[in-house]
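[1] A predicted structure for the sequence below; I have some questions about it.
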Amino acid sequence: MKWRQVINDAWRALLRHRLRSLLSTLGIVFAVVAVVAMLAIAEGAKREILDQIDILGTNSIIVRTLQLTEVQQVAARRHLSHGLGLADVISLERTISTISCIAPLKEVKASLSASKSQNPFEILAITAAYQSAKGLEIGQGRFICEADIFQKNLVCVLGHEVGTLLGNDGRVGGVLRLENRTYHIVGILQERQWRHSKSSALTVRNYNRAVFIPIGTEVMSAHGEKEFGELSEIWIRVVRNENVQASAAAIKRILTQRHGGVEDFQVIVPQELLNQAQKTQRIFNIVLGCIAGISLLVGGIGIMNTMLASVAERTREIGIRRAIGATRMHIILQFLCESIVLTITGGCIGILLGIGGAVIITKVAEWRTVLTVWSITTSIVMAGCVGLVSGLYPAIRASRLDPARALRHE
Amino acid sequence: MNTRERIVEARGIKKVYEMGPERVEALRGIEISIQPGEFVGIMGPSGSGKSTLMHILGCLEKATEGTYLLGGKNVSRVSDHDLSLMRANQIGFVFQTFNLIPQYSVLENVAMPFLYRKETRNEAGRLAERAIERVGLSARCHHKPSELSGGEMQRAAIARALAVEPLLILADEPTGNLDSETSKSIISLFYELNKQGTTLIVVTHEKEIASHCQTVYRLNDGQMVDDEGST
């Protein structure tokens, strides 16, 4: 048996009925589109999760102030809670031994006088610990130090993009006006990789567009009163991954106690969120997998139907081939080859459409999608297998035809 | 003549078709022996069992009873697979309705038997071209069957049968679908091939063909009526 010729013959047989071949392969096309898109989204989500683990670390816990309504704030104050504060940070650090690093942060709502950019910079009041906690790297000058916090020095550190956008004003030694205060620029950060993503479960700050000031130097609100919640966020790292759950529970307990039973904060464990994201992803995979499975089944039935029609139509040809020496196995292989060529062609069309689909998903839904060689190989092999399975019965049927009777077939 | 030197040696061939409760005896004890280079005619009215006999001689069907030696090999009890190999290597068929594959060119049709043999692609092409040349169809090599006349189609079919250089060529009513002029040319082609040494068995109604045959077997109702040797 000469495979090249057999495949060539299969092609020609399929091209004889182009429309029929194309229509019968549609089920396979849809199934492969679903599989390629599903695997691309799953892979994208997996990479997203891994990236987040890289950034946040699996051993981190985030405590965030809840945005309370005014009524809730009044109720909270009645219980003597003023939201997250530095006192909470000190208390947690003293009580929980598994904490290896704790870094409070306050998002400051103040306008930067030099900012002409449409997208405003984020002003973050932090302690010195924030640098090591987040692994921020200094490009020029220095970071905010403990002394700056104690002495309430009016100094600031700029994110890389802020420095660039401010031009001449954005250099070490320059000044920055924040509301009515003048801050001296003491350092500029190195550029940091950051990618905006809608599909992520956590917001990751863009430090390139941030201005860091020592905590306690930020201006009060317009009325001079303290805003509710001294801090926006406390970032905590525990010693080992296994401690995360227990530490998070302890943190919650201590803070609830300190806030007079008011839960005006939220304890976020990235590890849990990532698990949640993976669970959601799994459901999505099951749904798409079912669609792919049903399409494959329907596609397979379509292929079988086409192949049975082809066998019936070509009974005489089968007789001729048998008369000139084809064995039953030759006939089986010829028809199997046809159905596999048909499904693999459908698979290839499906892969192209799937790639297009993945690109559209990335553009429209802003979901990260990643195509891997593995996903494409899987789709092709799957399409080939459907061809093999659905072509087998028609092929065997063709091979069982009595040659003498097949030759007489009109 | 010694049995070993005979190409075809059939003894007591019977063929019974079971159609539900009915038993149809298509052949009832046929005896045939054919020597290399012989031109044999099988004649008889419709339903006399000519085609069944041809199918058995061509290894397309097995006899219900009897012994059939082809080229010295007993093929009465071989497997379907071995029958296919016998057809691929020892037999060439020519049919009344030509039986060419419509989507293939003449060359591809003639080279088709090589798909099931060991020859390389180049060798197959060369042998097919030579067979096409022998039947005088070289100019139509790359035409599709639909672009050929009836006579040309039959020539292409003869070339396909010749290409593998079989032990014998079996032709079932080869001129049945052709006009008298074309029939004559096909008959003379058979005659030419026979003169070059090809062994031929032709099932026919045509007296003209029978007149070229060295031996004519006459069948009636599944039995041999008599056989005349014209040599």
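    Yep, that arrived.

[2] number of nearby residues for the residue of chain B found nearest chain A?
    When scored by C-beta to the nearest C-beta, chain B has B:A88 as its residue closest to chain A, at 2.5 Å. (Glycine included, C-beta is placed from N, CA and C.) Each residue near B:A88 was counted by other C-beta atoms under 10 Å in any protein chain shown, and the total is 23.

[3] for chain B, what's the nearest residue on the stretch 301-410 of chain A?
    Chain B sits closest to A:G325 of the stretch 301-410 of chain A, with a gap of 2.5 Å, by C-beta to the nearest C-beta.

[4] what secondary structure does that residue sit in?
    Going by DSSP: H, G, I helix; E, B strand; the rest coil, the secondary structure assigned to A:G325 is coil.

[5] which residue packs closest to it, ignoring adjacent ones?
    Leaving out its chain neighbours, the residue that sits closest to A:G325 by C-beta to C-beta, 6 or more residues apart in numbering or on different chains is B:A88, at 2.5 Å.

[6] buried set for the helix or strand harbouring the one you found?
    Per DSSP states H and E: B:A88 is located in helix B:80-90. Within helix B:80-90, the residues that qualify as buried are B:L83, B:S84, B:L85, B:M86, B:R87, B:A88, B:N89, B:Q90, counting by 16 or more other C-beta atoms under 10 Å in any protein chain shown.

[7] elements contacting that helix?
    The elements that helix B:80-90 packs onto, with contact taken as 3 or more C-beta pairs under 8 Å, 6 or more residues apart in numbering or on different chains; DSSP states H and E, are helix A:315-323, helix A:328-364.

[8] any idea of the pLDDT on A:C290?
    The model reports A:C290 with a pLDDT of 88.

[9] from the middle of its chain, how far away would stretch B:200-218 be?
    Between the centre of stretch B:200-218 and the centre of its host chain there is 12 Å, according to C-alpha atoms, centre = their mean, to the nearest Å.

[10] then stretch A:250-268?
    In terms of C-alpha atoms, centre = their mean, the gap separating the centre of stretch A:250-268 from the centre of its chain is 31 Å.

[11] quick check: residues of chain B near chain A?
    Those residues of chain B that sit near chain A, judged by C-beta under 8 Å from any C-beta of the partner chain, are B:55, B:58, B:60-61, B:80-81, B:84-85, B:87-89, B:93, B:95, B:99, B:101, B:103, B:112-113, B:115-117, B:121, B:160, B:164.

[12] the chain: helices as residue ranges?
    Defaulting to chain A. Chain-ordered helices for chain A, with DSSP state H as the definition, fall at A:3-16, A:18-24, A:26-56, A:70-78, A:86-95, A:129-134, A:146-150, A:160-166, A:244-258, A:270-313, A:315-323, A:328-364, A:373-399, A:403-408.

[13] let me rephrase: I mean chain B.
    With DSSP H, the ranges of helices along chain B come out as B:50-57, B:80-90, B:106-111, B:121-134, B:150-163, B:180-195, B:207-212.

[14] just put those in TSV and tack on mean pLDDT.
    Output for these, formatted as TSV (pLDDT from 0 to 100):
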stretch	mean pLDDT
helix B:50-57	92
helix B:80-90	93
helix B:106-111	95
helix B:121-134	92
helix B:150-163	93
helix B:180-195	89
helix B:207-212	84
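
[15] okay if I get these as TSV plus distance to A:A103?
    Below are the helices of chain B laid out as TSV (distance: least, C-beta to C-beta, whole Å):
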stretch	distance to A:A103
helix B:50-57	92
helix B:80-90	79
helix B:106-111	78
helix B:121-134	74
helix B:150-163	86
helix B:180-195	99
helix B:207-212	105
